[in-house]
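[1] Just a sequence and a predicted model for now, questions to come.
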Amino acid sequence: MCGIFGYIGPQQALPLLVEGLRRLEYRGYDSTGVAIHDENAIHVHKTVGKVSDLQRILPERVEGNMGIAHTRWATHGGVTQVNTHPHQAHDGSVHLVHNGIIENFRSLRKRLEQQGIECVSETDSEVLVQMMALELANGAEPLEAVQRTVQRLRGTWGLCIMFRDEDLLICARNGSPLIIGQGVDEMFVSSDPHPLTTHTQRVVYLEDGDLAVVRRSGITMHSAQGVSSTPNVTVLEEEWGESDLGDAPHYMYKEIYEQPDALRQCIAGRVDREMGSGRLGGMRLAHDTLVQAPHVRLLGCGTAYYAAEIGQMLIEKMARIPAVTHISSEFRNNDPVINPKALYLAVSQSGETADTISAVKEIKLKGGQIFGVVNVVGSTIARLCEKGVYIHSGPEQSVASTKAFTNMVAALTIFATQLGRTRHLSKDQGRELIEHLQQAPHLMERYFDDVGPITEAVDLLADASSVLYLGRGLSASVAKEGALKLMELAYIPCLAYPAGEMKHGPIALLEEGSPVVVIAPNDHLKAKTLSALHECKARGAKIILIHEAGDDIASEGDVCIPVPAIHPWLTPLLTVLPLQLMAYHTALRLGRDVDRPRNLAKSVTVE
Ligand code: F6R
């Protein structure tokens with residue numbers, strides 16, 4: 001979604017801003033722009049399209065040591081140049097970039113109109129810059145102008161503001177992440193830690209309600225009400241370097257094939273083979289907490305939600321306590337009952353998904369214990385939860401999540417093992433599972449050595465008007481993840497159902513030649529899944545069967561894709577791989593932009 005980058009210091013700002021924007025591209029956006037402050041004026045350049053389109057329209061040389069930049073994912077107002085950020089005040093005194101949504105912007109805009117100020121764009125963001133300019137015109141200092149403006153806002157914001165007559169930037173945060181990178185005699189601002197790491201490891205995370213005045217020489221922190229505080233400098237724990245595409249044709253391809261190594265990173269040092277248990281240090285789980293927990297509730301959106309569903313089933317299998325998964329965006333609205341002894345897990349790749357953040361806040365407010373299962377180190381969810389497990393997938397730049405899914409599943413498996421060992425899971429069962437989990441990266445590699453007839457599967461999928469995905473138990477969630485991948489990348493309507501439920505409705509969709517993807521690993525549910533497969537076949541459906549090598553069903557599908565056999569509780573780590581490849585190759589066949597599917601964003605930072 002929207003991204004912010006800002007710079008103040010001795011260097012030429014423009015190349016740094018463009019590079020910052022480029023590193024924010026993976027978040028998904030539809031237009032982009034920069035504003036550069038030279039000694040006398042502020043120069044704005046913006047365009048609909050990609051950062052490369054912006055580079056094409058930039059003048060050869062734009063001097064200036066301070067600037068702000070933005071990638072916009074439209075919320076209020078269409079994808080037009082005039083709606084693109086940075087926005088500027090009517091008198092040119094203030095420029096800003098904004099992430100988030102101002103809920104009361106209509107009434108604020110009306111009030112501006114009454115004062116004779118007409119906004120030129122349709123955005124909620126422009127209202128803010130006009131309000132600040134009015135405050136300045138009425139004699140306010142820049143910080144006061146921002147304070148008075150944000151006091152009147154309802155909604156979410158990450159703001160980076162530049163003033164024509166000042167050598168400083170002001171940043172403000174409420175619900176939309178913003179981080180200041182501290183260099184030597186220079187400062188960087190970003191909505192994402194990722195573009196900062198090439199410049200500095202020393203960062204200040206803004207918290208909700210913070211305002212920061214950023215000068216070359218330092219940062220001063222304030223609240224909207226005027227209280228000052230000292231900035232809390234954090235040293236980024238690990239280099240979150242940009243992953244290079246290398247020889248890979250797309251980030252998604254690269255990230256699919258990175259799964260074995262990513263999984264090794266996730267497991268390393270976190271399993272106790274001897275005790276047959278997990279060892280998730282960052283969760284700081286006391287034995288009593290595990291023993292006394294009455295239930296577990298997991299939260300996530302999209303791919304993270306499906307990974308959480310798998311975690312839920314594994315927790316019930318191993319620990320024999322109730323576990324429930326919730327779609328984050330529904331959670332807070334339903335005024336959930338929070339049990340302080342229960343364990344709550346927030347699952348998120350980016351750690352910035354607004355729906356999951358609001359669920360985390362709801363749980364904390366009601367006294368619940370919440371743990372993050374997050375990829376991006378230092379992200380909002382990771383910091384809000386304080387305790388949790390980083391899934392260590394490394395940067396995931398393709399919008400469609402792949403390696404984060406398998407690592408979420410792995411981290412939740414380790415958690416379930418740890419919880420299970422305090423209850424019903426025997427040492428031998430735990431050992432067997434851990435052994436198989438440690439084998440999983442190698443089995444993934446074995447699958448990638450021979451991915452099976454993906455091209456034949458794509459032949460069936462590419463022309464389909466809709467695709468049905470079926471699985472049971474753990475594979476029902478894998479089916480949902482496979483359907484989501486194909487839908488978001490190839491724009492083909494897909495339906496995923498627990499295989500047993502198929503005859504209660506979706507079977508009506510089937511006609512001669514309809515593709516049905518069936519996920520049937522060699523677990524106790526295989527025979528039942530096969531019944532559903534036969535019911536589909538009998539109605540003329542073409543079956544793409546994902547099954548385990550060496551089983552007895554290799555001839556049941558029209559296209560059969562075997563994956564290496566593994567422990568029945570770990571099959572999602574392997575059965576999802578051909579589904580990811582099928583979605584990727586179908587999207588390519590249809591000429592889609594696989595890394596940047598239409599309308600989607602990598603981190604969904606608005607509710
Ligand atoms: C699907 C996808 C999305 C995300 C969802 C949650 O490929 O990427 O469905 O899984 O937006 O994002 P995170 O995990 O960042 O909270």
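    Yes, it's here.

[2] Can you name the residue of the stretch 151-300 of the chain nearest the ligand?
    Gly300 (6.3 Å; CB to the nearest ligand atom). Where you see a C-beta, it was placed from the backbone N, CA and C, and this is true even at glycine.

[3] again, but for the chain
    Nearest residue of the chain to the ligand: Gly302, at 1.8 Å (CB to the nearest ligand atom).

[4] quick one, what contacts the residue lying closest to that residue once chain neighbours are set aside?
    On the basis of CB to CB, 6 or more residues apart in numbering, the spatially nearest residue to Gly302 that is not a chain neighbour turns out to be Leu484, at 6.4 Å. Contact analysis of Leu484 by CB atoms under 8 Å, 6 or more residues apart in numbering lists Gly302, Thr303, Tyr306, Cys494, Ala496.

[5] Tell me how this protein divides into domains.
    Following the assignment in automatic domain parsing, the chain carries domains at 3-240, 245-447, 450-607.

[6] For my notes, please list those in JSON lines and give mean pLDDT for each entry.
    Converted to JSON lines, the domains of the chain look like this (pLDDT from 0 to 100):
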{"stretch": "domain 3-240", "mean pLDDT": "92"}
{"stretch": "domain 245-447", "mean pLDDT": "94"}
{"stretch": "domain 450-607", "mean pLDDT": "94"}
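
[7] residues of stretch 217-230 that come out buried?
    Using 16 or more other CB atoms under 10 Å as the test for burial, stretch 217-230 gives Ile219, Met221, His222, Ala224.

[8] ok, and the closest non-adjacent residue to the first one?
    Meaning Ile219. If the residues on either side of it in the chain are set aside, Ile219 comes closest to Pro231, at 4.7 Å by CB to CB, 6+ apart.

[9] helix, strand or coil for that neighbour?
    Going by DSSP: H, G, I helix; E, B strand; the rest coil, the secondary structure assigned to Pro231 is coil.

[10] quick one, phi psi at it?
    The phi and psi torsions at Pro231 (degrees, to the nearest 10) take the values phi -70, psi 140.

[11] Quick check: residues of the protein near the ligand?
    For the chain, the residues found near the ligand under the criterion CB under 6 Å from any ligand atom are 301-304, 348-350, 353, 356, 400-401, 484, 488, 603-604.

[12] picking up where we left off before, what's around the closest residue to the residue of the stretch 151-300 of the chain closest to the ligand other than its chain neighbours, how many residues?
    Closest residue to Gly300 apart from its sequence neighbours, by CB to CB, 6+ apart: Val347 at 3.8 Å. Residue neighbour count, defined by other CB atoms under 10 Å, stands at 34 for Val347.

[13] Tell me if I am right that Val347 is in a strand.
    Yes - with three-state DSSP as the criterion, Val347 is assigned to a strand.

[14] can you pull the contacts of it?
    With the criterion set at CB under 8 Å, 6+ apart, Val347 makes contact with 298-300, 304-305, 307-308, 311, 356, 373-374, 408, 412.

[15] secondary structure class for Ile219?
    strand.

[16] For it, which residues are in contact?
    Taking CB under 8 Å, 6+ apart as the contact definition, Ile219 lies against Ile180, Gln182, Met187, Val204, Ala212, Val213, Pro231.

[17] quick one: which of those sit in strands?
    Among the contacts of Ile219, DSSP state E puts Ile180, Gln182, Met187, Val204, Ala212, Val213 in strands.

[18] Can you select the buried ones from these in ChimeraX?
    Buried subset of those, written as a ChimeraX selection, criterion 16+ other CB under 10 Å:
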select :180,182,187,204,212,213
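
[19] Could I get the buried residue list for the longest helix along the chain?
    Looking across the chain with DSSP state H, the single longest helix is helix 427-449. Residues of helix 427-449 classed as buried under the neighbour-count rule (16+ other CB under 10 Å) are Gln429, Gly430, Arg431, Leu433, Ile434, His436, Leu437, Ala440, Pro441, Leu443, Met444, Tyr447.

[20] for it, the distance to its chain's centre please.
    27 Å (CA atoms, centre = their mean, to the nearest Å).

[21] CA atoms of that helix as CSV?
    Output of helix 427-449 as CSV, limited to C-alpha atoms (Å, rounded to 0.1, in the frame of the first residue of the first chain):
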residue,chain,number,x,y,z
LYS,A,427,8.1,-37.5,23.7
ASP,A,428,8.2,-40.1,20.9
GLN,A,429,5.4,-38.4,19.0
GLY,A,430,7.2,-35.1,19.4
ARG,A,431,10.5,-36.5,18.3
GLU,A,432,9.0,-38.1,15.2
LEU,A,433,7.4,-34.8,14.2
ILE,A,434,10.5,-32.8,14.8
GLU,A,435,12.5,-35.2,12.7
HIS,A,436,10.1,-34.9,9.8
LEU,A,437,10.0,-31.1,10.2
GLN,A,438,13.8,-31.0,9.9
GLN,A,439,13.6,-33.1,6.8
ALA,A,440,11.0,-30.8,5.2
PRO,A,441,13.4,-28.3,3.6
HIS,A,442,15.2,-31.2,1.9
LEU,A,443,11.9,-32.7,0.8
MET,A,444,10.9,-29.3,-0.7
GLU,A,445,14.2,-29.4,-2.6
ARG,A,446,13.4,-32.8,-3.8
TYR,A,447,10.0,-31.6,-5.1
PHE,A,448,11.6,-28.7,-6.9
ASP,A,449,14.0,-31.1,-8.6
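
[22] So Thr80 is in contact with Lys46, correct?
    No - in this structure Thr80 lies outside contact range of Lys46 using CB atoms under 8 Å: 10.0 Å.

[23] Compare those two (neighbour count), which wins?
    For Thr80 versus Lys46, the count of surrounding residues by other CB under 10 Å is larger for Lys46: 21 against 14.

[24] Let me see the contact set for the more buried one.
    With contacts defined as CB under 8 Å, 6+ apart, Lys46 is in contact with Ser31, Thr32, Gly33, Val34, Leu54, Gln81, Thr84, His85, Pro86.

[25] Could you check how many residues crowd around Ile507?
    Under the criterion other CB under 10 Å, the count of neighbours that Ile507 has is 18.

[26] Quick one: residues contacting it.
    Contact criterion CB under 8 Å, 6+ apart gives Glu535, Cys536, Arg539 as the residues in contact with Ile507.

[27] For Glu255, what are phi and psi?
    As for Glu255, its main-chain torsions (degrees, to the nearest 10) stand at phi -70, psi -30.

[28] I'd like to know how many residues surround it.
    Glu255: 26 neighbours (other CB under 10 Å).

[29] Over to the one 10 residues further on?
    Look at Gln265: counted by other CB under 10 Å, it has 19 neighbours.

[30] chain center to the strand or helix carrying Val360, what's the gap?
    Using DSSP states H and E, Val360 sits within helix 354-365. In terms of CA atoms, centre = their mean, the centre of helix 354-365 is set 15 Å apart from its chain centre.

[31] Who are the packing partners of it?
    Using 3 or more CB pairs under 8 Å, 6 or more residues apart in numbering; DSSP states H and E as the contact criterion, the elements in contact with helix 354-365 are strand 296-300, helix 328-331, strand 343-348, strand 369-374, helix 380-385.
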